[in-house]
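Visitor: sharing a model prediction with you, sequence too.
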Amino acid sequence: MRHATLRQLKVFESVARHLSFSRAAEELHLTQPAVSTQIGKLEEHAGNPLFEQFGKKVYLTAAGAELLQICRGILLQFEQAENTMAQFKGVTGGRLNVGVISAGDYFFPRLLVEFIGRHSGVTLNFTVHNREELLAHIEQNLTDLAIMVRPPSEMDTLSQAFAPHPYLIIAPPAHPMVGRRCIAPAEVMRQPFVVRERGSDTWRSMQDAFGGDVSGLNVAMEIRSTETIKQAVMAGFGLSFLSAHTVSRELRSGELCALEVDGFPMMLSWFVVHRRTKRLPPVAQAFKDFLLCEGAALIEQIVPWQAHEACLPRPHAAFCES
C-alpha cells in the first residue's frame, strides 16, 4: 500500500460510500472509466479485490470494508491538516467547503459569486444534494457548512436561520382553480399531484403544510428533479408543492401560477448548519456571517417570487376561513 495515492483513496471512499462507480464519478467530476482505473490501481497496491459485483449491485469485499475504515481515518487527518493550515491563511486564500439542498441551487451560486468577489484568493468546493446525501456529508465531516430547510434533530449540530423560504401550490395557468380565492387544502389534495421524492426536504415540508398527514394526497407522479416537476405541471399532469425560489422565473413569466390555498404561502426558513464541535476555518466563518447579515436581502434580489397578481396568492390568503 506504500505506493497508494491520496487521489486513489478519495475515489475509493466515494465508491464505497455510494456503492456505485457512476455516482462516485458524478460526485468527483470524473468519468466512470477514470474511477474504475483508480480503483484498479488501488487494488493492485492492496493485493486484494476491494469490490465485488452481483448483477448490477456493487458490494465491498471483506478487505474493502477493512480498508474503508483506515481510508476514512487517513482522509480525516488530511482534512484536519488542511483546516489547520487554513487557520494561518485567514479568509483570503482559504477553501470554502459548502453543500446545499437542491432547491438552493436556484440562487446559491450567485451568493457564492458575491462572497468570493469580496475575498480574492478563496477557493471553492460547492456541492448540491438531496437531504439524505447532505446529512451524510455533515455526519462524515465532508462539508464545513450545509444549507438546508430542516436542520437535523438527530445530530449534534448548530443551526441558524438566515432567510425566509416560502412554499407554494403551483398549477398551470389554465387550471380551473387559478383565480379562485380561499381554496381549502382538502380540496387541493384531491387533485393529481406531481411531488418530490419521499424523505426530501420538499416532501417533509409538504407533510407539515397539510397537517402532517398526506396519506390522502392524490400522487400522480413522484420525481426527484424539480425542473422535471415544473415541466410536468406545465404539461398538465397535476399540481405541485414547491419552493417559491424554484419557480420565481415561471411565476413572473406566467408559465406557472400559485393557487390561493388557505394557509399558503407556507413560510419556512433557510438555515446554515454545521457540526457543533466543528472548528470552522476563517473562510467558512466569514461566509456564515455573510449569510446571516446579507443572505435574506440578496436572495430576494436574485429570486424574487412575487409575480403578476393573476399568478400569485393575495397576501391575506393565509387568513381565509375554511
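Guide: Nice, I can see it. Residues are numbered from 1 along each chain as shown.
Visitor: what's the neighbour count on residue 293?
Guide: Here the number of neighbours of residue 293 (other CB atoms under 10 Å) works out to 11. (C-beta placed from N, C-alpha, C; glycine too.)
Visitor: per-residue confidence at it?
Guide: Residue 293 carries a pLDDT value of 95.
Visitor: how far off centre is the one helix or strand it maps to?
Guide: Here residue 293 sits within helix 282-302, counting by DSSP states H and E. How far helix 282-302 lies from its chain's middle: 17 Å, per CA atoms, centre = their mean, to the nearest Å.
Visitor: got it, and stretch 125-140?
Guide: 7 Å.
Visitor: can you list the neighbours in contact with it?
Guide: Outside of stretch 125-140, the residues within contact range by CB atoms under 8 Å, 6 or more residues apart in numbering are 17, 27, 72, 95-102, 104-105, 108-109, 112, 142-143, 146, 148, 150, 152, 155, 157, 197, 199-201, 204, 224, 273-275.
Visitor: so which of those residues sit within strands?
Guide: Per DSSP state E, strands hold the following members of the contacts of stretch 125-140: 95-101, 146, 148, 157, 273-275.
Visitor: if we can go back for a sec, among the contacts of stretch 125-140, which ones are buried?
Guide: For the contacts of stretch 125-140, a burial check counting by 16 or more other CB atoms under 10 Å picks out 17, 27, 72, 95-102, 104-105, 108, 112, 142-143, 146, 148, 150, 152, 157, 200-201, 273-275.
Visitor: just want the angle from the helix holding residue 293 to strand 95-101.
Guide: If you take axes from the mean of the first three to the mean of the last three CA atoms, to 10 degrees, helix 282-302 sits at 40 degrees to strand 95-101.
Visitor: which secondary structure elements does helix 282-302 sit against?
Guide: Applying 3 or more CB pairs under 8 Å, 6 or more residues apart in numbering; DSSP states H and E, we find helix 282-302 packed against helix 62-89, strand 95-101, helix 108-118, strand 145-148, strand 157-171, strand 266-275.
Visitor: what's in contact with the fourth one?
Guide: This points to strand 145-148. Strand 145-148 is contacted from outside by 97-101, 104, 108, 131, 134, 137-138, 201, 270-274, 280, 284, 287-288, 291, using CB under 8 Å, 6+ apart.
Visitor: and the second one, by the same measure?
Guide: Among residues not part of strand 95-101, those counted as contacts by CB under 8 Å, 6+ apart are 82, 86, 108, 112, 115-116, 122-131, 134, 137-138, 142-149, 200-201, 281, 283-284, 287.
Visitor: can you say which of those are buried?
Guide: 86, 108, 112, 115-116, 122, 127-131, 134, 137-138, 142-149, 200-201, 281, 283-284, 287.
Visitor: residue 292 and residue 162 touch, don't they?
Guide: Yes - with contact defined as CB atoms under 8 Å, residue 292 counts as touching residue 162 (5.0 Å).
Visitor: of those two, which one has the most company?
Guide: Neighbours per residue (other CB under 10 Å) separate residue 292 from residue 162, with residue 162 holding more: 19 against 14.
Visitor: any weak-confidence spans in this protein?
Guide: Within the chain, the segments meeting pLDDT under 70 span 86-93, 306-322.
Visitor: how does it divide into domains?
Guide: What automatic domain parsing lists as the domains of the chain is 6-84, 91-162+269-302, 166-267+305-319.
Visitor: with adjacent residues omitted, what lies nearest to residue 186?
Guide: Once flanking residues are discounted, residue 186 sits nearest to residue 216: 7.9 Å by CB to CB, 6 or more residues apart in numbering.
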